[in-house]
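Asks: need a structure here:
(chains A and B)
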Amino acid sequence: MKSKPANFTAWFFALIFAQAFVLDPVLLGVNYAPLVYVLLLIFLPNYWPSWVVLLAGFIIGLIIDLFYLSGGIHAAASLVVCFLRPNFIRTGYKGTLKPNELVIENESFDSLIVYIFLTTAIHHFVLLAFVVFDWARIGWFLSAWGTNTLLTFVTCTLLVIITRKGRL
Amino acid sequence: MQKLLNSILRNGTLLLFIFLLALSFLLISRSQRFQQSNFVSLNNSITSPFFELRHNVYRFFERNKHNQQLIEENQYLISQLITQQNKGMLLDSLPFEVIPVQVLRNSIRLGYNYITINAGTEKGVSKEMGVITAKGVVGVIHSSGKKTSSVISILNKSLRINAKLKKSDHFGSLYWDGVSPEKMLLADVPLVANVALGDTVVTGGMSAIFPGGIHLGVVDKILVPLNDNYYNLQIALFEDITRINHVYAVKNPSAEHITEIITTTDEK
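Replies: Residues are numbered from 1 along each chain as shown, chains lettered A, B, ... in the order given. This next block holds a predicted model:
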C-alpha cells in the first residue's frame, strides 16, 4: 500500500467494506476476526499535519463503530494510535527524526513490520480495555489481546506483502 | 489573551486529541445506557441498507440451512400450539401475535449488545415488544424504524427478564453478567424453592413484554451467598444467541392495559 491520495482512497473503501461486511466475527461464526482497518491508520499519509491525522483516525474508527454498534471504542482506539503514531515511526524506523518526511516505500520491510506490530498491539490494547473494563477479567483480556493482535498483525502483514508487487 | 491564544496554537494537536478522546468517551458511555442510545437508532438508519444487502448475499448461499431451521421452528411452534390447545389454555396462548422476522446483525462481543432485525412499524413491530425463538428469549425491541428495528439483546447487561422455575413456579430475575454468551444468572430465587441442577427455567409472564412459559434454559450451577436467603443460579441457555437467524417478535394485545395497571399500582 502506498500513501498517495488515490491509492489511500481505494484502500479506504476496500478495507472498510472488508471489515464491515466480510471480517465480522458474528457473520463468520468465529470468536475473533482481524481488524484490517488498522492498515488505514498505519498508512495515513505522513506529510499530513498531525491534527488532520488525528481527525482522520477518529473518523475511520467512528465509521467502524457505526457498523459494529460499538459506541465509540474503535474511534477511541484509533485516535490513541494516531496520537502516538510519530513515536511508533521513530521506534520502527530508527534514526528518523522527522516522521512527516518519512517515505515508507523507500525504507526497509523489517522497519515496516515493527511499525505495524506496534500500531496493532496498542490499538487492540486500548480497544479491548474499553470492551472489558473489568480487572476481574484480566485473564480474558490478555488472552483476547494476544490472539487478536496476532491475528490482525499476520493478516495485515500478508496484505502488505501481497500488495508490494514482489518488492520486499 | 495573546499568551492564551499562543498557548492554544502551540498545543493545538494535544487539545484536539483530548477533545476527540472526550467525545469518544461520551459516545461509549451513551451507548452503554440503552435508554439514551440514540446512537443505536441513528446508525441503524444509516447502516441497515448495507446490512440488508449483505444479508441477502449470504442468505443466497445459506438458504438450505435457513429453510431447514424454519421448518424445525415451525414444527416446534405447531406442536406447542397443539399441546396448549389440549390443555385448554387457549386464552393464555392465543392472544399473543407472533411476527416472524430475520436477524440482519447481531453483536455479541460487547457488554451491551444489540441486534438489528428486518421488520419495523410497517410489519407491526414496535418498541417494547419481546423477541423470541422456538428455543428461548432473544431480547426486547428498543426502537423501530419503518423497515428495521433494533433489539436489546439478552446479552446486554442492562436487561433484566422476569423468569421462574418451571417445576415450582418460584420467580427470579434473569440477567447477563457479560461473561459467556451461553450462560445467564437468575437472582432472587428464595431458598425454599429447593433448586436442583437441570431444573428448567421459563419466562415468568409477569410483564407486558413476554408471555409466560417460554423456555429459557436449565440450572447449570447453584450458588448460595453466605447469610442470604436467596439463590444465585447460573442458567445454561437453550438458544445459542450467537447463531440466531430467524426470530419472532411477540405482541401482547393487553400490553398497554398491563402497563397501565403496573404504573397505577406503583404510584399507589
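Asks: who in chain A is up against chain B?
Replies: Chain A comes close to chain B at residues A:20-21, A:25-27, A:29, A:50-51, A:54-55, A:58, A:61-62, A:65-73, A:75-76, A:79-80, A:83, A:130-131, A:133-134, A:137, as judged by CB under 8 Å from any CB of the partner chain. In short, each C-beta sits where N, CA and C put it, glycine included.
Asks: which among these count as buried?
Replies: For the residues of chain A next to chain B, a neighbour count by 16 or more other CB atoms under 10 Å in any protein chain shown gives the buried set as A:20-21, A:25-27, A:50, A:54-55, A:58, A:61-62, A:65-73, A:75-76, A:79-80, A:83, A:130-131.
Asks: sorry, back to before: out of the residues of chain A next to chain B, which are inside helices?
Replies: Residues from the residues of chain A next to chain B lying in helices, with DSSP state H as the criterion: A:20-21, A:25-27, A:50-51, A:54-55, A:58, A:61-62, A:65-68, A:73, A:75-76, A:79-80, A:83, A:130-131.
Asks: and residue B:184, bridged to which residues?
Replies: Here residue B:184 sits in beta bridges with residue B:235, as judged by DSSP bridges.
Asks: how many neighbours does residue B:61 have?
Replies: When neighbours are defined as other CB atoms under 10 Å in any protein chain shown, residue B:61 has 8 of them.
Asks: for residue A:90, that is, sorry about that
Replies: That count, for residue A:90 with other CB under 10 Å as the rule, works out to 16.
Asks: ok, residue A:152 - contacts?
Replies: A:34, A:35, A:36, A:38, A:120, A:124 (CB atoms under 8 Å, 6 or more residues apart in numbering or on different chains).
Asks: tell me how far the fourth one lies from chain B.
Replies: Right, the one you point to is residue A:38. 16 Å (CB to the nearest CB, to the nearest Å).
Asks: that residue against residue A:156, yeah?
Replies: Yes - with contact defined as CB atoms under 8 Å, residue A:38 reaches residue A:156; the gap is 6.3 Å.
Asks: neighbour-wise, which of these two wins?
Replies: The neighbour count for residue A:38 versus residue A:156, taken as other CB under 10 Å, is higher for residue A:38 (29 against 24).
Asks: for the more buried one, give me its contacts.
Replies: For residue A:38, the contacting residues are A:81, A:119, A:120, A:123, A:152, A:156, by CB under 8 Å, 6+ apart.
Asks: returning to that earlier point: between residue A:38 and residue A:156, what contacts are shared?
Replies: Between them, residue A:38 and residue A:156 share these contacting residues under CB under 8 Å, 6+ apart: residue A:120.
Asks: re the thing from before, inside helices: which ones of the contacts of residue A:38?
Replies: Counted as lying in helices by DSSP H, out of the contacts of residue A:38, are A:81, A:119, A:120, A:123, A:152, A:156.
Asks: can you list the residues of the stretch 51-200 of chain B near chain A?
Replies: So the stretch 51-200 of chain B meets chain A at B:54, B:58, B:105-111, B:113-114, B:116, B:178-179 (CB under 8 Å from any CB).
Asks: let's see it at 7 Å
Replies: Residues of the stretch 51-200 of chain B found near chain A (CB under 7 Å from any CB of the partner chain) are B:54, B:58, B:106, B:107, B:108, B:109, B:110, B:114.
Asks: of the residues you listed, which belong to strands?
Replies: Counting by DSSP state E, those place B:106, B:114 in strands.
Asks: of the residues of the stretch 51-200 of chain B next to chain A, which is the nearest to residue B:196?
Replies: Using CB to CB, residue B:108 comes nearest to residue B:196 of those, at 29.8 Å.
Asks: and the closest one, how many neighbours?
Replies: 16.
Asks: buried subset of the contacts of residue A:152 as a ChimeraX selection?
Replies: A single ChimeraX command selects the buried members of the contacts of residue A:152 (16+ other CB under 10 Å):
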select /A:34,35,36,38,120,124
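Asks: just flag the most distant two among the contacts of residue A:152.
Replies: Pairwise distances across those peak at 12.5 Å for A:36 and A:124 (criterion: CB to CB).
Asks: can you lay out the contacts of residue A:38 as a markdown table showing distance to residue B:236?
Replies: Output for these, formatted as a markdown table (distance: CB to CB, whole Å):
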| residue | distance to residue B:236 |
| --- | --- |
| A:81 | 39 |
| A:119 | 40 |
| A:120 | 35 |
| A:123 | 35 |
| A:152 | 32 |
| A:156 | 38 |
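Asks: chain B: which of those residues is nearest?
Replies: Nearest to chain B out of the contacts of residue A:38 is residue A:81 (CB to the nearest CB; 11.3 Å).
Asks: grab the nearest non-local neighbour of that closest one.
Replies: Take residue A:81 and drop its neighbours on the chain: the residue closest to it by CB to CB, 6 or more residues apart in numbering or on different chains is residue A:123, 4.6 Å away.
Asks: residue contacts, the one you found?
Replies: The contact partners of residue A:123, by CB atoms under 7 Å, 6 or more residues apart in numbering or on different chains, come to A:38, A:77, A:78, A:81.
Asks: please state the backbone phi and psi of the residue positioned nearest the centre of chain A?
Replies: Nearest residue to the geometric centre of chain A (CA atoms, centre = their mean): residue A:38, 1.9 Å. Main-chain torsions, residue A:38, degrees, to the nearest 10: phi -60, psi -30.
Asks: now residue B:181
Replies: Given degrees, to the nearest 10, the pair of backbone angles that residue B:181 has is phi -70, psi -10.
Asks: now swap in residue B:172 and tell me
Replies: Residue B:172 adopts backbone torsions of phi -160, psi -180, taken as degrees, to the nearest 10.
Asks: wait, it touches residue B:184, no?
Replies: No - the criterion here is CB atoms under 7 Å, and residue B:172 misses it with residue B:184 at 10.8 Å.
Asks: ok, residue A:114 touching residue A:93?
Replies: No - with contact defined as CB under 7 Å, residue A:114 does not reach residue A:93; the gap is 8.2 Å.
Asks: what two of the residues of the stretch 51-200 of chain B next to chain A have the greatest distance between them?
Replies: The span of those, defined through CB to CB, is set by B:58 and B:110 at 22.0 Å.
Asks: which one of those two has more residues nearby?
Replies: Between residue B:58 and residue B:110, residue B:110 has the larger neighbour count (other CB under 10 Å), namely 22 against 14.
Asks: list the contacts of the more buried one.
Replies: Residue B:110 neighbours (CB under 7 Å, 6+ apart): A:70, A:131.
Asks: ok, it to residue A:158 distance?
Replies: Going from residue B:110 to residue A:158 by CB to CB, to the nearest Å gives 28 Å.
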